[in-house]
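coordinates only, no sequence provided:
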């Protein structure tokens with residue numbers, strides 16, 4: 001039996017959320033125990049072996065700026081990296097990298113094994129030890145009690161997990177891995193509101209049986225690109241191309257003719273709600289029947305791996321049907337399927353039962369992160385794991401928690417969405433969810449979050465000093481551009497009058513730093529960031545007005561005993577929703593679905609009146 005003398009953090013689960021949580025807690029000086037069923041399968045990238053992408057890339061950059069690990073892991077194992085949305089501007093630009101799947105997992109294990117203050121324990125957690133509303137530890141399937149001050153649950157798809165392929169189904173969190181059934185029962189017994197969600201994975205194919213000449217090649221970036229500010233700007237290894245093919249009428253015919261064998265449709269075995277933004281091929285054919293074709297992405301899983309990933313082809317149809325479907329795709333006519341796809345259904349806990357720290361309101365010291373909270377994706381999970389691990393450690397140390405908000409990060413936006421609005425389908429981070437995305441860009445995550453990461457104690461001195469130097473170089477670069485005046489020039493068909501400053505030139509959308517780099521002594525990477533800062537400055541100033549207004553609303557706290565249901569001036573829906581969600585601030589109240597601006601105005605008046613007259617009075 002393990003005992004941490006009331007001063008440790010226990011992290012349950014070895015996926016991306018669990019890894020970030022365990023590393024963060026240990027690096028903050030708290031004795032930490034990571035409990036996972038099989039350490040050899042930590043961070044195995046069970047679905048697409050890629051990190052980043054639209055909005056997700058911003059999450060990875062923010063994880064790194066705070067001192068997390070995901071960015072460095074992918075930089076050390078990346079075999080295909082490139083920017084997405086470059087033509088759409090810096091607010092939605094995002095980095096995406098394909099990983100060498102075995103290497104990424106091995107690096108994660110090495111980092112965990114080398115971390116001081118972190119112990120690995122292989123076991124399946126089946127129950128929680130709770131006394132008087134406070135978590136005290138966990139119980140394993142072998143009856144072993146593990147005690148600690150805080151517990152972080154990062155269970156992924158294992159909570160009540162069940163996999164499906166055609167007529168076959170079995171209890172599993174992933175293929176050949178047992179689910180956590182007892183822990184699901186324990187959470188229900190403790191009174192948590194739970195739901196059921198579904199995800200899936202596509203088949204894997206033998207790379208030697210693919211005819212890439214019939215596909216569209218996606219080349220990687222010709223220059224090194226990194227997620228981590230702490231990574232050297234070098235390629236981890238040879239950069240490999242990815243490929244695009246597409247479904248055909250034959251593909252769609254095979255899907256329609258076999259829907260009666262689909263656990264999602266004809267067999268009606270799956271009750272969980274699947275991800276809207278990553279639908280199965282069955283969903284694509286049924287729900288988007290007007291589309292004659294869908295893009296399919298063929299991507300390597302490693303430098304020496306014999307398998308390729310078939311992106312956009314998630315399915316739970318029988319294996320023999322999947323192979324016929326694959327062979328209907330251009331370039332895959334003679335393909336050999338190595339492993340068929342399958343669907344996974346699992347339990348989640350409604351995230352509206354969490355504080356913005358990711359600590360549960362019902363049980364003190366218990367934190368939830370990742371797919372347990374209804375999210376999808378490695379990046380969303382890792383970001384939550386980082387926040388949960390930080391806050392568990394801070395709670396053990398008796399320090400104030402970390403609370404990220406919508407105005408400072410994509411991570412804060414995601415967490416606020418979860419705890420305020422909840423989920424009715426797997427949540428995926430999107431740039432459209434971030435109303436302040438002009439400020440929350442991919443390029444400036446360090447400017448926004450590295451001082452905070454260092455103040456907490458997670459971002460080390462060496463990384464912070466590098467950040468300070470980088471920030472100074474950007475400020476100096478902007479100043480140099482503001483004072484450098486140009487002769488009359490024609491750049492990209494834009495005529496610049498004599499005396500135009502370099503800053504004014506860079507504010508023009510047609511002119512990039514590469515066009516004027518020879519006119520000023522600024523290192524290329526810093527120059528690119530200077531150009532983005534100058535181009536976005538006007539938009540940022542306008543958005544700061546909205547941010548200041550939002551911060552004023554966030555500063556208005558709602559007392560725990562405020563009786564929303566007694567405020568008859570509020571709409572009935574608002575009274576019901578506010579009583580259920582119990583928002584902590586006026587700003588959060590305004591984001592509860594069903595609460596109107598008129599309801600927020602009424603609350604604002606009542607809260608101001610209460611603050612003036614009787615701060616401890618019952619609301620309403």
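Yep, that arrived. All values reported here derive from a predicted model rather than from experimental measurement. Numbers count the residues shown, from 1 in each chain.

only C-alpha atoms from now on, for both contacts and neighbour counts.
Noted.

mind checking what secondary structure residue 136 has?
Following DSSP: H, G, I helix; E, B strand; the rest coil, residue 136 is assigned to strand.

that one contacts residue 150, doesn't it?
Yes - the pair residue 136 / residue 150 is scored as a contact, 7.1 Å apart, by CA atoms under 8 Å.

the more surrounded of these two?
Applying other CA atoms under 10 Å to residue 136 and residue 150 shows that residue 150 carries more neighbours, namely 27 against 22.

mind listing the residues bridging to that one?
residue 9 (DSSP bridges).

residue contacts, it?
8-10, 135-137, 365-367, 392-393, 395-396 (CA atoms under 8 Å, 6 or more residues apart in numbering).

can you do 10 Å?
With contact set as CA atoms under 10 Å, 6 or more residues apart in numbering, residue 150 has these partners: 6-11, 32, 134-137, 359, 364-367, 389, 391-393, 395-396.

which parts of whichever strand or helix holds residue 105 are buried?
Secondary structure assignment for residue 105, by DSSP states H and E: helix 101-114. Residues 101-109, 112 are the ones in helix 101-114 that count as buried (16 or more other CA atoms under 10 Å).

what's the answer for stretch 443-460, then?
Buried-residue list, stretch 443-460, by 16+ other CA under 10 Å: 443-446, 448-454, 456-460.

check stretch 477-485 too.
477-478, 480-482, 485.

nearest to residue 561, of the residues you listed?
Closest approach between the buried residues of stretch 477-485 and residue 561, by CA to CA: residue 478, at 49.8 Å.

helices of the stretch 251-400 of the chain, start to end?
Secondary structure of the stretch 251-400 of the chain (DSSP state H, counting those that start in this stretch): helices located at 281-287, 319-326, 378-396.

just send those back as a markdown table, with distance to residue 196, mean neighbour count and mean pLDDT too.
Output for the helices of the stretch 251-400 of the chain, formatted as a markdown table (distance: least, CA to CA, whole Å; neighbours: other CA atoms under 10 Å; pLDDT from 0 to 100):
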| stretch | distance to residue 196 | mean neighbour count | mean pLDDT |
| --- | --- | --- | --- |
| helix 281-287 | 18 | 19 | 94 |
| helix 319-326 | 25 | 19 | 98 |
| helix 378-396 | 17 | 28 | 98 |
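
can you lay out those helices as JSON lines showing distance to residue 301?
Shown next, in JSON lines, are the helices of the stretch 251-400 of the chain (distance: least, CA to CA, whole Å):
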{"stretch": "helix 281-287", "distance to residue 301": "21"}
{"stretch": "helix 319-326", "distance to residue 301": "18"}
{"stretch": "helix 378-396", "distance to residue 301": "16"}
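
residue 118 is nearest to which of the ones you listed?
Across these, the minimum distance to residue 118, taken as CA to CA, is reached by helix 378-396, at 12.4 Å.

just after that closest one, pick out the following helix or strand.
Next along from helix 378-396, by DSSP H and E: helix 410-416.

beyond that next one, next helix or strand please.
Scanning onward from helix 410-416 (DSSP H and E), the first element met is helix 445-456.

how big is the angle separating that next one from helix 378-396?
On the basis of axes from the mean of the first three to the mean of the last three CA atoms, to 10 degrees, helix 445-456 is oriented at 20 degrees to helix 378-396.

what's helix 445-456 packed up against?
Here helix 445-456 touches helix 56-66, helix 461-483, going by 3 or more CA pairs under 10 Å, 6 or more residues apart in numbering; DSSP states H and E.

right, and these - which one's nearest residue 39?
So among the helices and strands packed on helix 445-456, helix 56-66 is nearest, using CA to CA, at 22.9 Å.

what mean pLDDT does the next helix or strand after the closest one get?
Proceeding N to C from helix 56-66, the next assigned helix or strand is helix 70-75, under DSSP H and E. Across helix 70-75, the average pLDDT comes to 98.

just list what the following helix or strand past helix 70-75 packs against, helices and strands only.
Once the chain leaves helix 70-75, the next helix or strand it forms, by DSSP H and E, is strand 78-84. If you count contacts as 3+ CA pairs under 10 Å, 6+ apart, strand 78-84 packs onto strand 50-52, strand 94-99, helix 101-114, strand 295-300.

repeat the analysis, applying 8 Å as the threshold.
Strand 78-84 sits against strand 94-99, with contacts defined as 3 or more CA pairs under 8 Å, 6 or more residues apart in numbering; DSSP states H and E.

helices or strands next to the strand it packs on in the packing?
When contacts are defined as 3+ CA pairs under 8 Å, 6+ apart, strand 94-99 sits against strand 50-52, helix 56-66, strand 78-84.

same list, these, but as a markdown table with mean pLDDT and distance to residue 437 please.
Formatted as a markdown table, those follow (pLDDT from 0 to 100; distance: least, CA to CA, whole Å):
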| stretch | mean pLDDT | distance to residue 437 |
| --- | --- | --- |
| strand 50-52 | 97 | 16 |
| helix 56-66 | 97 | 10 |
| strand 78-84 | 96 | 16 |
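
ranking these by burial, who's on top?
The highest mean neighbour count among the helices and strands packed on strand 94-99, using mean count of other CA atoms under 10 Å, belongs to helix 56-66: a mean of 29.

let me know the angle separating it from helix 445-456.
Using the same axes, to 10 degrees: helix 56-66 against helix 445-456 is 40 degrees.

can you count the residues close to residue 165?
With other CA under 10 Å as criterion, residue 165 counts 21.

phi, psi for it please.
Torsion angles at residue 165 (phi, psi; degrees, to the nearest 10) stand at phi -150, psi 110.

redo the buried residues of stretch 477-485 as JSON lines? Include distance to residue 225.
Output for those, formatted as JSON lines (distance: CA to CA, whole Å):
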{"residue": "477", "distance to residue 225": "21"}
{"residue": "478", "distance to residue 225": "23"}
{"residue": "480", "distance to residue 225": "26"}
{"residue": "481", "distance to residue 225": "25"}
{"residue": "482", "distance to residue 225": "28"}
{"residue": "485", "distance to residue 225": "32"}
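
where along the stretch 451-600 of the chain do the strands fall?
Assigned by DSSP state E, counting those that start in this stretch, the strands in the stretch 451-600 of the chain fall at 489-491, 494-496.

could I get those strands as CSV with mean neighbour count, mean pLDDT and distance to residue 173?
Compiled in CSV, these are given as follows (neighbours: other CA atoms under 10 Å; pLDDT from 0 to 100; distance: least, CA to CA, whole Å):
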stretch, mean neighbour count, mean pLDDT, distance to residue 173
strand 489-491, 12, 92, 57
strand 494-496, 13, 92, 58
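
redo these as CSV? Include distance to residue 571.
Converted to CSV, the strands of the stretch 451-600 of the chain look like this (distance: least, CA to CA, whole Å):
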stretch, distance to residue 571
strand 489-491, 58
strand 494-496, 55
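
just so I know, which of those strands lies nearest residue 43?
Between the strands of the stretch 451-600 of the chain, strand 489-491 lies closest to residue 43; by CA to CA that is 47.8 Å.

neighbouring strands - and their directions - for the closest one?
In the sheet, strand 489-491 lines up against strand 494-496 (antiparallel) (DSSP bridges).

contacts for the partner strand, please.
Strand 494-496 is contacted by residues 487-490, 505, 510 when judged by CA under 8 Å, 6+ apart.

any low-confidence regions in the stretch 51-200 of the chain?
Within the stretch 51-200 of the chain, no range satisfies pLDDT under 70.
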